[in-house]
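Enquirer: sequence below, structure please.
(2 chains)
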There are 2 protein chains.
Amino acid sequence: MPSFEIDKKDFLKGLGLMQSIAGRRTTLPILSHLYMEWGKNSLYLTGTDLETGIREELTVNAEEEGKASISAKKLYEIVKELPEQTIRIQKKENHWITLQCERSIFNIAGLDPEEFPNLPTFQEKLFSPISTTVIKEMIDKTVFAASNEESRYHLNGILFTQQIMAGKEGLRLVATDGHRLSLIDREGQSVKGIEKGVILPKKGVLEIKKVLGDKTEVEEVGIYFDQTHGFFKMGPSLIAIRLIDGEFPEYEQVIPKGNDKVVKMEKDKIYACLRRVATMASERVEGVKVSLRQNLMELSSYHQDFGDAKEEVDVLYDGPPLEIGFNAKYLLEALQVMDTSFVIMELKDEGSPCMMKPDSLKTPTDQICIVMPMRI
Amino acid sequence: MPSFEIDKKDFLKGLGLMQSIAGRRTTLPILSHLYMEWGKNSLYLTGTDLETGIREELTVNAEEEGKASISAKKLYEIVKELPEQTIRIQKKENHWITLQCERSIFNIAGLDPEEFPNLPTFQEKLFSPISTTVIKEMIDKTVFAASNEESRYHLNGILFTQQIMAGKEGLRLVATDGHRLSLIDREGQSVKGIEKGVILPKKGVLEIKKVLGDKTEVEEVGIYFDQTHGFFKMGPSLIAIRLIDGEFPEYEQVIPKGNDKVVKMEKDKIYACLRRVATMASERVEGVKVSLRQNLMELSSYHQDFGDAKEEVDVLYDGPPLEIGFNAKYLLEALQVMDTSFVIMELKDEGSPCMMKPDSLKTPTDQICIVMPMRI
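Expert: Numbers count the residues shown, from 1 in each chain, chains lettered A, B, ... in the order given. Modelled structure (predicted):
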């Protein structure tokens, strides 16, 4: 019967990567399974929730090739407890497998591997390489702004689009939930299939982030898009993500143009102060009031049951007094993705969105966060 | 108006200790509050859920003494975000307080401190000292076996009772949930009020454990019991726990006497093997089968949906073959509280409880765990 041998540590790592995808949708039993297909030296592990699919190539020792479909969760639970030794897996009758490791013997029920849904096909030659550091940074700095509300499906995604920067091709990522927006550009990054812009669901993008967090040795990510999917190749891992079929909001119209009131502030100071004042904001709206005077920002909040808070912070500001309310969480999350010691906040009036960006010499700015104001 | 100054770090630590008790019962708003009473140099923070009360003495600087009652959770949230500086708290009208730290100002709503329930009164001179290491060990080695089921109120507790060991007074702790039991004796420990045995609720005992985990510098715990409460003094912390009013099971009758089949096993080996085999036990009963033969123990399990598992472990056993079922979790938790490299398991037959104890030279044994068998 077909069988293979694999190192416990390698197998556990591969199985770990599949856990958040396999079994996410419980309507189809086969989706809680992993598909395993092995040849002489390679095992391909595949998991999918029909939206995001992940495939991992692992090194094995096999005499006869084979296929199996086994519960992702149960297999992970078992392998986690095994000693750090070689595991031998053998195909049995009725889609069962036998797993042996030292003196442990497990007989595990499976399903017909032919029932496992195929990953979308991709073409190896279409992948463009992007530095892992760059794509990780771009994802980190946008994904937080995408919506988590299932009902706003077209806002659950991150826009990947082309951007010409100083005459060169570049990559732009944009995410927005309708209350705030985050945009980042990086030049010299060329990707196939994004000329018109494609929307990748947040959940899938978070899987890319997870794999990259795990594979610190992978220096380049291969990326391309076809009509229906985005493909990401990271060393032995491949992720295929179904694109969101919808219109991304006309984000360029949202970017404020006439914000003439400019505040320069120390990032860490404002961040800590915002966190303090936010403790007295009401849980539902998390509103804080920003009051600007000459070189001074006062943050304040009010909670119906608990009381109020206020704190002054020194900033650089030379405009007229202004009072404007924001959701504290949106400001905090925008500050968190700015890498510079100082951050620029551009405002117009109490009814207009503010724009935040890192205090750097780059023109045009390659990263912005926009936050809508709220009545306090 | 009354006010005090306190170091942020100290205050945060004190507030942290109260978080799991204050607000546990939400029926009475005042119970989600902390009671603060301060004199010239001391602040007493008190929190209670009416079953367990905790009081912490902190060093402050005050000009005028005062009292206040403030939401435990909100105060903790605020203080957590403050800079590592001095905090100034001032009493205001209508039970409000003002909290200042550097440039932050919080006005916080309170309740009438006179409404806060008193902790039971205790007498300083009645405390007997017990080594922190000893009481911690005794709690750790019993508390896991107490029941979590609210309906079995008399099994939700740990019995504290006196035990004469080799002619000297000693302390015995026992816990059982009806399926397993854990007992530990330590000699030379004398405590007032436990001659007839008292039952402390698990939740309160876990609070003692938490405070001791936090106060590693406290070398001795002062303990005594009156008719209704147990009192534990740990440096600046005092915990008062209302005793469970009920009969503890006649645990001495449960301790098996004629268990003539003795297995000596390597703790870590059996523990790892049990964890592996338990992955294939059914979630509901977690049953594993123990099959004994000459110097060999086979552990096996069966899961209706996923399959089966088995593994052999070398042990020292010279008796006849025996097959007996156990809840894997109970065996694992018993092994976890044994400190020796080898553990002794004494059995009689498939329908009788097994007794586990550390493999040590002490007679009589000062620690035992009993686990009831189950049909597999």
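Enquirer: list the contacts for the closest residue to A:Ala166 other than its chain neighbours?
Expert: Nearest residue to A:Ala166 in three dimensions, chain neighbours excluded: A:Glu187, at 6.7 Å (Cβ to Cβ, 6 or more residues apart in numbering or on different chains). Quick note: C-beta positions are derived from backbone N, CA and C, even for glycine. By Cβ atoms under 8 Å, 6 or more residues apart in numbering or on different chains, the residues touching A:Glu187 are A:Met165, A:Ala166, A:Lys168, A:Glu169, A:Gly170, A:Asp366.
Enquirer: filter the residues you listed to the buried ones?
Expert: Applying 16 or more other Cβ atoms under 10 Å in any protein chain shown to those, the neighbour count classes A:Met165, A:Gly170, A:Asp366 as buried.
Enquirer: want to throw these into JSON lines with secondary structure, distance to chain B and pLDDT?
Expert: Output for these, formatted as JSON lines (DSSP: H, G, I helix; E, B strand; the rest coil; distance: Cβ to the nearest Cβ, whole Å; pLDDT from 0 to 100):
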{"residue": "A:Met165", "secondary structure": "strand", "distance to chain B": "39", "pLDDT": "81"}
{"residue": "A:Gly170", "secondary structure": "strand", "distance to chain B": "39", "pLDDT": "92"}
{"residue": "A:Asp366", "secondary structure": "coil", "distance to chain B": "32", "pLDDT": "93"}
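Enquirer: dump the residues you listed to a markdown table, plus distance to B:Ile208.
Expert: Converted to a markdown table, the buried ones among the contacts of A:Glu187 look like this (distance: Cβ to Cβ, whole Å):
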| residue | distance to B:Ile208 |
| --- | --- |
| A:Met165 | 62 |
| A:Gly170 | 61 |
| A:Asp366 | 56 |
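Enquirer: biggest separation within the contacts of A:Glu187, which pair?
Expert: Pairwise distances across those (Cβ to Cβ) peak at 14.3 Å, for the pair A:Glu169 and A:Asp366.
Enquirer: and the helices in chain A?
Expert: A:8-18, A:72-81, A:132-140, A:202-214, A:251-254, A:267-278, A:328-336 (DSSP state H).
Enquirer: figure out which of these is closest to B:Leu296.
Expert: Using Cβ to Cβ, these put helix A:72-81 closest to B:Leu296, at 20.7 Å.
Enquirer: show me what the closest one packs onto, helices and strands only.
Expert: On a contact count with 3 or more Cβ pairs under 8 Å, 6 or more residues apart in numbering or on different chains; DSSP states H and E, helix A:72-81 meets helix A:8-18, strand A:33-38, strand A:104-108, helix B:267-278.
Enquirer: reformat those as TSV; add mean pLDDT and mean neighbour count.
Expert: Converted to TSV, the helices and strands packed on helix A:72-81 look like this (pLDDT from 0 to 100; neighbours: other Cβ atoms under 10 Å in any protein chain shown):
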stretch	mean pLDDT	mean neighbour count
helix A:8-18	96	19
strand A:33-38	98	25
strand A:104-108	98	21
helix B:267-278	98	20
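Enquirer: of all the ones you listed, which one is nearest A:Leu206?
Expert: Per Cβ to Cβ, nearest to A:Leu206 of those: helix A:8-18, 12.7 Å.
Enquirer: and the pLDDT at A:Lys362?
Expert: According to the prediction, A:Lys362 has pLDDT 79.
Enquirer: scratch that, A:Glu247 is what I was asking about
Expert: What the model reports for A:Glu247 is a pLDDT of 89.
Enquirer: now for it: which residues touch it?
Expert: By Cβ under 8 Å, 6+ apart, the contact set of A:Glu247 is A:His154.
Enquirer: can you tell me how far it is from chain B?
Expert: With distances taken as Cβ to the nearest Cβ, to the nearest Å, A:Glu247 is found 40 Å from chain B.
Enquirer: cool, and A:Tyr302?
Expert: 9 Å.
Enquirer: which residues of chain A lie near chain B?
Expert: Residues of chain A lying near chain B by Cβ under 8 Å from any Cβ of the partner chain: A:71, A:74, A:77-78, A:81-83, A:96, A:103-109, A:272-273, A:275-277, A:279-280, A:305-313.
Enquirer: which ones are touching A:Ile199?
Expert: So A:Ile199 contacts A:His154, A:Gly157, A:Ile158, A:Leu159, A:Phe160, A:Leu243, A:Ile244, A:Gly246, A:Phe248 (Cβ under 8 Å, 6+ apart).
Enquirer: just the buried residues of the residues you listed.
Expert: Buried, going by 16+ other Cβ under 10 Å: A:Gly157, A:Ile158, A:Leu159, A:Phe160, A:Leu243, A:Ile244, A:Phe248, out of those.
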